[in-house]
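Participant: sequence and computational prediction follow.
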Amino acid sequence: MEQDLFELLSLIPDPEIPVINIVELGIVREAKMISDNEVEIVITPTYSACPAMFNIEEDIIKLFKEKGIQAKVTTKISPIWTTDWITDEAREKLRVYGITPPEKGSHEDHLNIPKKCPRCGSENTRQISRFGSTLCKASYQCNDCLEPFDYFKCH
């Protein structure tokens with residue numbers, strides 16, 4: 001039954017990066033039936049101040065309401081979310097979308113390591129800004145193809 005809940009939750013795209021869903025992003029930690037018409041979904045924000053969490057909670061409640069099920073959404077901040085929870089499939093979707101995904105097991109000094117351009121593959125890149133279009137991304141530019149791109153920060 002839990003697998004069915006995760007499959008249903010995978011229909012909800014991330015509000016900030018719509019090419020991946022909330023399950024692939026790794027923010028859905030638990031999904032369980034409490035009764036025949038009630039579920040509890042546990043989510044962990046990518047950042048403690050992530051503004052998308054309100055939208056995600058609303059999307060979860062709406063999705064289950066359409067199925068005649070009441071959803072209780074609990075936000076759990078410990079353990080803290082890590083980019084290691086992003087699935088391999090989502091990493092590839094990010095790359096194709098133009099966002100360089102973080103390497104698994106990256107360390108705190110990840111911003112000082114060259115990032116691979118998602119368009120041409122070059123590692124001849126530079127950071128434009130430590131802060132990108134969302135809290136979880138930094139802005140970079142490729143020095144070879146000159147295209148700007150986002151890097152999904154590790155943590």
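Facilitator: Ah, there it is.

Participant: other SSEs contacting the lengthiest strand in the chain?
Facilitator: Secondary structure of the chain per DSSP state E: the longest strand is strand 28-35. Here strand 28-35 is seen to pack against helix 2-9, strand 38-43 when contacts are counted using 3 or more Cβ pairs under 8 Å, 6 or more residues apart in numbering; DSSP states H and E. Every C-beta, even on glycine, is put in place using the N, C-alpha and C of the backbone.

Participant: okay, those in JSON lines with mean neighbour count, mean pLDDT and distance to I99 next?
Facilitator: What follows is the helices and strands packed on strand 28-35, written out as JSON lines (neighbours: other Cβ atoms under 10 Å; pLDDT from 0 to 100; distance: least, Cβ to Cβ, whole Å):
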{"stretch": "helix 2-9", "mean neighbour count": "14", "mean pLDDT": "93", "distance to I99": "22"}
{"stretch": "strand 38-43", "mean neighbour count": "19", "mean pLDDT": "98", "distance to I99": "21"}
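
Participant: what residues of stretch 49-63 count as buried?
Facilitator: Residues of stretch 49-63 classed as buried: 50, 52-53, 56-57, 59-61, 63 (neighbour count, 16 or more other Cβ atoms under 10 Å).

Participant: related to what we said a few turns ago, which one of the helices and strands packed on strand 28-35 lies nearest to T100?
Facilitator: Closest approach to T100 among those is made by strand 38-43 (24.8 Å; Cβ to Cβ).

Participant: so the closest one versus strand 28-35, what angle?
Facilitator: With axes from the mean of the first three to the mean of the last three Cα atoms, to 10 degrees applied, the angle from strand 38-43 to strand 28-35 works out at 170 degrees.
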